[in-house]
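Peer 1: sharing a model that was predicted from the sequence below.
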2 protein chains.
Amino acid sequence: MRYLAEVVISLKPVVNDPQGLTVRAGLHQLGFAEVSEVRVGKHISVEVDGDSEAGARQRVAEMCEKLLRNPVIEDYRIEIRPSREASPAPPA
Amino acid sequence: MRYLAEVVISLKPVVNDPQGLTVRAGLHQLGFAEVSEVRVGKHISVEVDGDSEAGARQRVAEMCEKLLRNPVIEDYRIEIRPSREASPAPPA
(Lines give C-alpha, C1' and ligand atoms only; values in the text may rest on other atoms or scores of the structure.)
Protein backbone atom coordinates (compact mmCIF):
# COMPACT_ATOMS: atom_id res chain seq x y z
CA MET A 1 0.00 0.00 0.00
CA ARG A 2 1.28 3.45 -0.88
CA TYR A 3 0.82 6.48 1.32
CA LEU A 4 1.35 10.19 0.80
CA ALA A 5 2.88 11.86 3.82
CA GLU A 6 2.90 15.63 4.02
CA VAL A 7 5.55 16.89 6.39
CA VAL A 8 5.54 20.48 7.54
CA ILE A 9 8.86 21.66 8.97
CA SER A 10 8.49 24.94 10.81
CA LEU A 11 10.81 27.05 12.90
CA LYS A 12 10.20 26.72 16.63
CA PRO A 13 8.18 29.67 17.93
CA VAL A 14 11.16 31.07 19.86
CA VAL A 15 13.40 31.15 16.77
CA ASN A 16 13.71 34.34 14.72
CA ASP A 17 12.40 34.11 11.17
CA PRO A 18 14.00 36.82 9.02
CA GLN A 19 12.48 35.35 5.87
CA GLY A 20 9.02 35.64 7.40
CA LEU A 21 9.70 39.24 8.41
CA THR A 22 10.77 40.06 4.86
CA VAL A 23 7.65 38.50 3.39
CA ARG A 24 5.49 40.40 5.89
CA ALA A 25 7.20 43.67 4.95
CA GLY A 26 6.60 42.91 1.27
CA LEU A 27 2.92 42.20 1.89
CA HIS A 28 2.52 45.43 3.86
CA GLN A 29 4.17 47.33 1.03
CA LEU A 30 1.68 45.82 -1.40
CA GLY A 31 -1.17 47.07 0.74
CA PHE A 32 -1.99 43.96 2.77
CA ALA A 33 -2.11 45.84 6.04
CA GLU A 34 -4.21 43.13 7.72
CA VAL A 35 -1.23 40.77 7.93
CA SER A 36 0.12 40.56 11.47
CA GLU A 37 2.56 37.66 11.30
CA VAL A 38 4.25 35.51 8.68
CA ARG A 39 6.35 32.41 9.31
CA VAL A 40 8.08 30.55 6.51
CA GLY A 41 8.76 26.83 6.69
CA LYS A 42 9.19 23.82 4.47
CA HIS A 43 6.61 21.44 3.09
CA ILE A 44 7.93 18.03 2.10
CA SER A 45 5.67 15.47 0.48
CA VAL A 46 6.91 11.91 0.69
CA GLU A 47 5.42 8.90 -1.08
CA VAL A 48 6.06 5.77 0.96
CA ASP A 49 5.09 2.12 0.75
CA GLY A 50 3.99 0.45 3.96
CA ASP A 51 1.74 -2.18 5.46
CA SER A 52 -0.34 0.22 7.51
CA GLU A 53 -0.92 3.93 7.88
CA ALA A 54 0.36 3.86 11.45
CA GLY A 55 3.50 2.01 10.39
CA ALA A 56 4.14 4.41 7.52
CA ARG A 57 3.64 7.40 9.82
CA GLN A 58 6.15 5.94 12.24
CA ARG A 59 8.72 5.56 9.46
CA VAL A 60 8.17 9.12 8.24
CA ALA A 61 8.66 10.33 11.82
CA GLU A 62 12.01 8.50 11.82
CA MET A 63 12.92 10.25 8.56
CA CYS A 64 12.17 13.59 10.22
CA GLU A 65 14.29 12.70 13.24
CA LYS A 66 17.22 11.46 11.16
CA LEU A 67 17.31 13.79 8.18
CA LEU A 68 14.48 16.19 7.48
CA ARG A 69 14.34 18.49 10.46
CA ASN A 70 16.95 20.25 12.51
CA PRO A 71 15.96 19.48 16.11
CA VAL A 72 17.69 22.57 17.48
CA ILE A 73 15.51 25.07 15.67
CA GLU A 74 12.68 23.20 13.92
CA ASP A 75 9.47 21.38 14.74
CA TYR A 76 7.67 19.01 12.40
CA ARG A 77 4.21 17.59 11.91
CA ILE A 78 3.04 14.81 9.66
CA GLU A 79 -0.24 14.27 7.84
CA ILE A 80 -0.60 10.98 6.05
CA ARG A 81 -3.23 9.38 3.83
CA PRO A 82 -3.45 6.70 1.19
CA SER A 83 -1.82 7.97 -1.98
CA ARG A 84 -4.02 8.52 -5.00
CA GLU A 85 -1.37 6.59 -6.91
CA ALA A 86 -1.87 3.90 -4.28
CA SER A 87 -2.20 0.74 -6.29
CA PRO A 88 -1.47 -0.12 -9.86
CA ALA A 89 -4.71 -0.54 -11.81
CA PRO A 90 -5.88 -4.14 -11.86
CA PRO A 91 -5.21 -5.83 -15.20
CA ALA A 92 -8.10 -5.35 -17.63
CA MET B 1 -11.50 38.49 13.75
CA ARG B 2 -8.09 36.93 13.27
CA TYR B 3 -7.44 33.96 11.00
CA LEU B 4 -4.48 31.68 10.50
CA ALA B 5 -3.91 30.85 6.85
CA GLU B 6 -1.55 28.04 5.95
CA VAL B 7 -0.28 28.38 2.42
CA VAL B 8 1.50 25.50 0.74
CA ILE B 9 3.56 26.49 -2.28
CA SER B 10 4.58 23.47 -4.33
CA LEU B 11 6.34 23.03 -7.62
CA LYS B 12 4.00 22.16 -10.47
CA PRO B 13 4.09 18.41 -11.20
CA VAL B 14 5.85 18.93 -14.53
CA VAL B 15 8.71 20.91 -12.96
CA ASN B 16 11.92 19.15 -11.96
CA ASP B 17 12.68 19.15 -8.25
CA PRO B 18 16.41 18.60 -7.69
CA GLN B 19 16.05 19.32 -3.98
CA GLY B 20 13.44 16.57 -3.70
CA LEU B 21 15.69 14.14 -5.58
CA THR B 22 18.54 14.94 -3.22
CA VAL B 23 16.37 14.35 -0.17
CA ARG B 24 15.12 11.07 -1.63
CA ALA B 25 18.71 9.93 -2.28
CA GLY B 26 19.60 10.82 1.30
CA LEU B 27 16.65 8.85 2.66
CA HIS B 28 17.56 5.82 0.54
CA GLN B 29 21.12 6.01 1.80
CA LEU B 30 19.81 6.00 5.37
CA GLY B 31 17.87 2.80 4.64
CA PHE B 32 14.43 4.21 3.89
CA ALA B 33 14.02 2.10 0.76
CA GLU B 34 10.22 2.43 0.83
CA VAL B 35 10.38 6.06 -0.30
CA SER B 36 9.37 6.43 -3.94
CA GLU B 37 9.04 10.17 -4.39
CA VAL B 38 9.90 13.34 -2.51
CA ARG B 39 8.85 16.87 -3.46
CA VAL B 40 10.00 19.90 -1.51
CA GLY B 41 7.92 23.06 -1.28
CA LYS B 42 7.30 25.98 1.01
CA HIS B 43 4.87 26.34 3.88
CA ILE B 44 3.92 29.89 4.77
CA SER B 45 1.67 30.63 7.70
CA VAL B 46 0.01 34.03 7.63
CA GLU B 47 -2.00 35.63 10.42
CA VAL B 48 -4.60 37.97 8.96
CA ASP B 49 -7.44 40.06 10.28
CA GLY B 50 -10.71 39.95 8.36
CA ASP B 51 -14.46 40.16 8.65
CA SER B 52 -15.13 36.66 7.41
CA GLU B 53 -13.24 33.47 6.67
CA ALA B 54 -14.21 33.66 2.99
CA GLY B 55 -13.01 37.25 2.76
CA ALA B 56 -9.74 36.46 4.49
CA ARG B 57 -9.19 33.48 2.19
CA GLN B 58 -9.76 35.71 -0.83
CA ARG B 59 -7.17 38.20 0.44
CA VAL B 60 -4.63 35.45 1.06
CA ALA B 61 -5.23 34.17 -2.47
CA GLU B 62 -4.42 37.68 -3.72
CA MET B 63 -1.20 37.61 -1.68
CA CYS B 64 -0.27 34.36 -3.39
CA GLU B 65 -1.01 35.79 -6.82
CA LYS B 66 0.92 39.00 -6.18
CA LEU B 67 3.89 37.91 -4.12
CA LEU B 68 4.08 34.44 -2.63
CA ARG B 69 4.09 32.09 -5.57
CA ASN B 70 5.81 32.08 -8.91
CA PRO B 71 3.00 31.32 -11.38
CA VAL B 72 5.37 29.88 -13.97
CA ILE B 73 6.55 26.97 -11.87
CA GLU B 74 4.49 26.87 -8.67
CA ASP B 75 1.00 25.99 -7.48
CA TYR B 76 -0.49 27.02 -4.17
CA ARG B 77 -3.23 25.93 -1.83
CA ILE B 78 -4.67 27.65 1.20
CA GLU B 79 -6.13 26.29 4.41
CA ILE B 80 -7.63 28.83 6.74
CA ARG B 81 -9.18 28.74 10.19
CA PRO B 82 -9.79 31.09 13.08
CA SER B 83 -6.50 31.80 14.79
CA ARG B 84 -6.03 30.51 18.29
CA GLU B 85 -4.76 33.97 19.08
CA ALA B 86 -8.05 35.19 17.66
CA SER B 87 -9.25 37.60 20.25
CA PRO B 88 -7.64 39.25 23.19
CA ALA B 89 -8.85 37.63 26.40
CA PRO B 90 -11.81 39.46 27.88
CA PRO B 91 -10.84 41.54 30.88
CA ALA B 92 -11.11 39.53 34.09
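Peer 2: Yes, it's here. Since we're looking at a predicted model, the values are computed, not measured.
Peer 1: excluding sequence neighbours, find me the nearest residue to A:Glu6.
Peer 2: Computed as C-beta to C-beta, 6 or more residues apart in numbering or on different chains, the closest residue to A:Glu6 that is not its neighbour in sequence is A:Glu79, at 4.7 Å. Any C-beta I mention is one placed from the backbone N, CA and C, and that applies to glycine too.
Peer 1: now do the longest strand seen in chain A: which elements does it pack against?
Peer 2: In chain A, taking DSSP state E as the definition, the longest strand is strand A:35-49. Here strand A:35-49 touches strand A:2-11, helix A:18-29, helix A:53-63, strand B:2-11, helix B:18-29, strand B:35-49, going by 3 or more C-beta pairs under 8 Å, 6 or more residues apart in numbering or on different chains; DSSP states H and E.
Peer 1: any idea which of the ones you listed gets closest to A:Glu37?
Peer 2: Evaluated with C-beta to C-beta, the helices and strands packed on strand A:35-49 place strand B:35-49 nearest to A:Glu37, the distance being 4.2 Å.
Peer 1: quick one: mean pLDDT for the closest one?
Peer 2: For strand B:35-49, mean pLDDT rounds to 98.
Peer 1: could you check the angle that strand makes with strand A:35-49?
Peer 2: Compare the direction of strand B:35-49 with that of strand A:35-49 by axes from the mean of the first three to the mean of the last three C-alpha atoms, to 10 degrees and you get 160 degrees.
Peer 1: for strand B:35-49, list every residue counted as buried.
Peer 2: B:35, B:37-48 (16 or more other C-beta atoms under 10 Å in any protein chain shown).
Peer 1: partner strands of it, with direction?
Peer 2: strand A:35-49 (antiparallel), strand B:2-11 (antiparallel) (DSSP bridges).
Peer 1: and the shortest one with helix B:18-29, angle?
Peer 2: Here strand B:2-11 runs at an angle of 80 degrees relative to helix B:18-29 (the same axes, to 10 degrees).
Peer 1: fine, thanks again, bye for now.
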